[in-house]
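**Q** model this:
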Amino acid sequence: MLTEPEEIQQCFQKMEAALKNTKRLIVLTHDNPDPDAVSSAVTLAYLVNSKFKIPTAVKYSGIVGRAENRAMIRVLGLRVTPLKDSDFKRGVNFAVVDMQPGTGNNSLPKRQKAVIIIDHHPLRKTTKADFVDIRIDYGATATILTEYLLESGLEISSTLATALSYGISSETQDLGREAGEKDIQAYLALFPKSNKKLLASIEHPKLSRDYFITLNRALHHSFIYKNAIASSLGEIENPDFVAFIADFMLKVERINWSMCIGRTPEKIIVSVRTTNTKGDAGNFLRRLIGKKGTAGGHGMVGGGQIICETMEHELCTHIEEQLIRDFLIKLGYREPGDMTPLLTTEPIHT
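**A** Residues are numbered from 1 along each chain as shown. Model prediction:
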């Protein structure tokens, strides 16, 4: 059952109060946004623009890397543009979705306060805004925005329904990962209104050669120890591949934990995935990275980063190797032996 209409209307009232001095709003996603973030952002922009008559734009930093994510924006014609320095000017306020300020995965400056925060990740002690809606029992932020949209009285276009339904399904892996009853009900409410042909073209896009090159590298640089697999991509141009490979490697038989590491000129990026519903991957990765960087996530999904732009190559490599060893140690293997290459016929440690 979805949230009671009275609760949603109270949220609208609080949101309107939070926006009372806002002349223009920018809805900001986390860096390198995924479908959950994009669909949530465009829906919030539509609600604010239509319900409160405030001009609103959706912005992001980084890149939209995965083919599915680019296809979603392209085929649905979503108005999502890169954040610029000129966006930070007087009279412009910020809302953030699918993330919280200070997590290291977004480009909201410390000096810039968000007036609205909507997210499904665990509430951070530093998270403050005029309107905050954090629901950690939801599998996707898009589910929260779907509830708003259904109760808004506004027209639900096929474009928004398609974006939100894909946002929910991709974030929850077709309702199979951390999806609760609210996510299922939201998806079922959206699906009849969504464009099935466009949805199929988003889910099955053409793939670039870079995709296969990176996948080849991942396959040749993935190593298994008992129920864990670790992949090292080295230097990458597309940060989205780190999370993709972490997800992909969970498909290996007998594997319950997966970690992938990749490096951009600025950051070492780390993703952790688990099939354990009580794995608490976000906190697991936060403890793994420690003070070296920042991390977050939720039950079965974790993401983090370590700033490395001033480090020598050898130091970055050492940190990555240590992360993989600590990954195994924190899984309970106090003195892990050599890991077995994924692409080998040798027996795996059991």
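
**Q** what residues does the helix-or-strand element of the chain with minimal mean pLDDT touch?
**A** Comparing helices and strands within the chain by mean pLDDT, DSSP states H and E singles out strand 294-297 as the least confident, with a mean of 90. For strand 294-297, the surrounding residues in contact (C-beta atoms under 8 Å, 6 or more residues apart in numbering) are 100, 103-105, 121-122, 124, 270, 272, 281-282, 285-286, 288-289, 302-305. C-betas here are computed from N, CA, C, even on glycine.

**Q** at 6 Å instead, please
**A** 103-104, 121, 281-282, 285-286, 289, 303-304 (C-beta atoms under 6 Å, 6 or more residues apart in numbering).

**Q** among those residues, find the lowest-pLDDT one for me.
**A** Sorting the contacts of strand 294-297 by pLDDT puts Gly104 at the bottom of the list (78).

**Q** that's a strand at it, yeah?
**A** No. Assigned with DSSP: H, G, I helix; E, B strand; the rest coil, Gly104 falls outside any strand and is coil.

**Q** among the contacts of strand 294-297, the buried ones, what's the PyMOL command?
**A** Applying 16 or more other C-beta atoms under 10 Å to these, the buried members can be selected in PyMOL as follows:
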select buried, resi 103+104+121+281+282+285+286+289+303+304
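
**Q** among the contacts of strand 294-297, which lie within helices?
**A** Judged by DSSP state H, helices contain the following of the contacts of strand 294-297: 281-282, 285-286, 289.

**Q** kindly reformat those as a markdown table containing distance to Ala114.
**A** A markdown table is the format used below for the ones in helices among the contacts of strand 294-297 (distance: C-beta to C-beta, whole Å):
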| residue | distance to Ala114 |
| --- | --- |
| Ala281 | 25 |
| Gly282 | 20 |
| Leu285 | 24 |
| Arg286 | 22 |
| Ile289 | 24 |
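
**Q** just give me the closest of those residues to Ile134.
**A** Taking C-beta to C-beta as the measure, Ile134 sits nearest to Gly282 out of those, at 13.5 Å.

**Q** grab the nearest non-local neighbour of the closest one.
**A** In space, not counting the residues next to it along the chain, Gly282 is nearest to Gly297; the distance is 3.0 Å by C-beta to C-beta, 6 or more residues apart in numbering.

**Q** and Thr43, by the same measure?
**A** The spatially closest residue to Thr43, leaving aside those adjacent along the chain, is Leu145, at 4.2 Å (C-beta to C-beta, 6+ apart).

**Q** which is the next helix or strand following the helix or strand that contains Ile73?
**A** Ile73 is located in helix 67-76, with elements delineated by DSSP states H and E. Elements were assigned by DSSP H and E; along the chain past helix 67-76, the next helix or strand is strand 80-82.

**Q** in that following strand, what counts as buried?
**A** Neighbour counts over strand 80-82 (16+ other C-beta under 10 Å) mark Val80 as buried.

**Q** which neighbours in the sheet does that strand have, and how are they oriented?
**A** Sheet pairing here is set by DSSP bridges, and for strand 80-82 it gives strand 56-60 (parallel).

**Q** just the endpoints, please. Distance across stretch 223-230?
**A** For stretch 223-230, the first-to-last residue distance is 5 Å (C-alpha to C-alpha, to the nearest Å).

**Q** got the buried residues for that stretch?
**A** Under the neighbour-count criterion of 16+ other C-beta under 10 Å, stretch 223-230 has 223-230 buried.

**Q** just the ones of the residues you listed in strands?
**A** With strands defined by DSSP state E, the entries of the buried residues of stretch 223-230 inside them are 223-225, 228-230.

**Q** so which of these is the closest to Ser86?
**A** Within these, the smallest distance to Ser86 is 41.5 Å, found for Ala230 (C-beta to C-beta).

**Q** bridge partners for the closest one, pull those for me.
**A** Beta-bridge partners for Ala230, by DSSP bridges, are Phe223, Met259.

**Q** checking Ile117 next. Helix, strand or coil?
**A** Reducing the assignment at Ile117 to three states with three-state DSSP gives strand.

**Q** quick one, what contacts it?
**A** Ile117 sits next to 96, 129, 132 when contact means C-beta under 6 Å, 6+ apart.

**Q** which residues does the closest residue to the last one other than its chain neighbours bridge with?
**A** Using C-beta to C-beta, 6+ apart and skipping the chain neighbours, the partner closest in space to Val132 is Ile117 (4.8 Å). Residues found in beta-bridge contact with Ile117 (criterion: DSSP bridges) are Val96, Val132.

**Q** per-residue pLDDT, Ile117?
**A** You'll see Ile117 listed with a pLDDT of 97.

**Q** cool, Thr277 as well?
**A** The predicted local distance difference test score for Thr277 is 90.

**Q** check Thr350 too.
**A** 57.

**Q** for stretch 332-339, measure first residue to last.
**A** The first and last residues of stretch 332-339 sit 15 Å apart, counting by C-alpha to C-alpha.

**Q** could you pull out the helices in the stretch 151-300 of the chain for me?
**A** Using DSSP state H, counting those that start in this stretch, the helices of the stretch 151-300 of the chain run over 158-171, 181-190, 196-203, 209-220, 240-248, 281-289.
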